[in-house]
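> Prediction below, plus the sequence it came from.
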Amino acid sequence: MVKTNSVKAWLLATRPKTLSAAAVPVMIGTAFAWRNTSEQFNWIPAILCLLFAWIMQIDSNLVNDYFDFKKGNDDETRLGPKRACSEGWITSDAMVWGILITTLLGCMTGIPLILYGGLEMVMVGIACVVFCFLYTTLFSYHGLGDILVLLFFGIIPVCCTYYVCMPLHQQIPTGEVIASSIACGLAIDALLIVNNYRDIDNDRSNGKITLAVRLGESKTRRLYESIGYIAAGIMIILVFFDLYQIDKFIPTYAIYLIYIILHRQSYQEMKRINKGAKLNQVLGLTARNILVFGILSVAAILSVIFI
């Protein structure tokens, strides 16, 4: 039993399992900056980026909870994890205040990054806040959610973390940073793909035209499988061009086999379950895979220093 507007209710509303997806891009951007700056590395902007990412992820979750409830998407036919508003754990008025507070906290956390990245960080912060709302209210209903994931869980957080952590005049993201940001976005998009795959029937009946609805079950499963391999493949190629020497490349390349095996197992489980609420198990496995991808990527990036 969850008491209305209780601490437990708010904790459940934040969806703690999704926070790994917000942390991984910051981890990768930080790893590149630390590798390239060594003794000059400043941890303060890296910590601020991580806090900002976590707060905005929570904000996005609350926005999603509130607006999907208002639109009637979180009804009794929902197969995904329970949502706070629809379950009565948090009242609508309280959720509005929660969204307002987390949005302000995100802005307050992001403002100090101006000291490290300049006024352009203001535009980045505004974009993060705006698209936090537009994802649920507009883009996810037109099959564009995957593009936002690639941008806001890949390219923007990885490159911006690198940017603010690097010394002045060395801040422009390198080609390998940009490529890794794309790989990161693809790996994290697997979470959205399996989420939308589970909800295909419900979304279709509610007029929510996600990419999964457009592609259908079979093609969505293949997309889920391939997107993880592509993400790992990009990182493996980057590692090769970083290390060159095959005796150093092989052990570093081999660590990505861990992610590939786990991703393959998740895909097989997705294929086996096929439909129903049990696909939430695959959601959990995918969140685990993303965290593993992030840890392995940090290890691969820093291997250039230690191998």
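Now that the structure is in, tell me what you want to look at. Model, not experiment: these values are computed from the prediction. Numbers count the residues shown, from 1 in each chain.
> what about residue 200, neighbour count?
19 (other CB atoms under 10 Å). C-beta coordinates here come from the backbone N, C-alpha and C atoms, glycine included.
> Just give the closest residue to it, not the sequence neighbours.
What sits nearest to residue 200 in space, not counting adjacent residues and going by CB to CB, 6 or more residues apart in numbering, is residue 212, at 5.3 Å.
> doesn't residue 189 make contact with that neighbour?
No: counting by CB atoms under 8 Å, residue 212 does not reach residue 189; the two are 11.5 Å apart.
> which regions of the chain sit below the pLDDT cut-off?
Per-residue confidence of the chain (counting by pLDDT under 70) places the weak regions at 38-39, 73-80, 169, 240-253, 304-307.
> rerun that using 80 as the cut-off
Low-confidence regions of the chain, defined by pLDDT under 80, span residues 1-2, 5, 38-41, 71-82, 136-137, 168-171, 206, 239-254, 303-307.
> for the stretch 201-307 of the chain, what spans make up the helices?
Taking DSSP state H, counting those that start in this stretch, the helices of the stretch 201-307 of the chain run over residues 211-215, 217-243, 246-273, 280-306.
> Tabulate these (CSV), appending mean neighbour count and distance to residue 113.
CSV is the format used below for these (neighbours: other CB atoms under 10 Å; distance: least, CB to CB, whole Å):
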stretch, mean neighbour count, distance to residue 113
helix 211-215, 20, 32
helix 217-243, 18, 26
helix 246-273, 16, 30
helix 280-306, 19, 21
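> Can you say which of those helices is nearest to residue 97?
helix 280-306 (27.8 Å; CB to CB).
> which other helices and strands contact the helix or strand hosting residue 47?
Here residue 47 is covered by helix 43-71, with elements defined by DSSP states H and E. Helix 43-71 is packed against helix 7-13, helix 19-37, helix 84-87, helix 92-110, helix 114-117, helix 120-137, helix 156-165, with contacts defined by 3 or more CB pairs under 8 Å, 6 or more residues apart in numbering; DSSP states H and E.
> go again using 7 Å as the cut-off
With contacts defined as 3 or more CB pairs under 7 Å, 6 or more residues apart in numbering; DSSP states H and E, the secondary structure elements packing on helix 43-71 are helix 7-13, helix 19-37, helix 84-87, helix 92-110, helix 120-137, helix 156-165.
> and the angle for it with helix 92-110?
Using axes from the mean of the first three to the mean of the last three CA atoms, to 10 degrees, the interaxial angle of helix 43-71 with respect to helix 92-110 works out to 160 degrees.
> Pull out the buried residues from helix 43-71.
Neighbour-count burial for helix 43-71, counted by 16 or more other CB atoms under 10 Å, picks out 45-46, 48-69.
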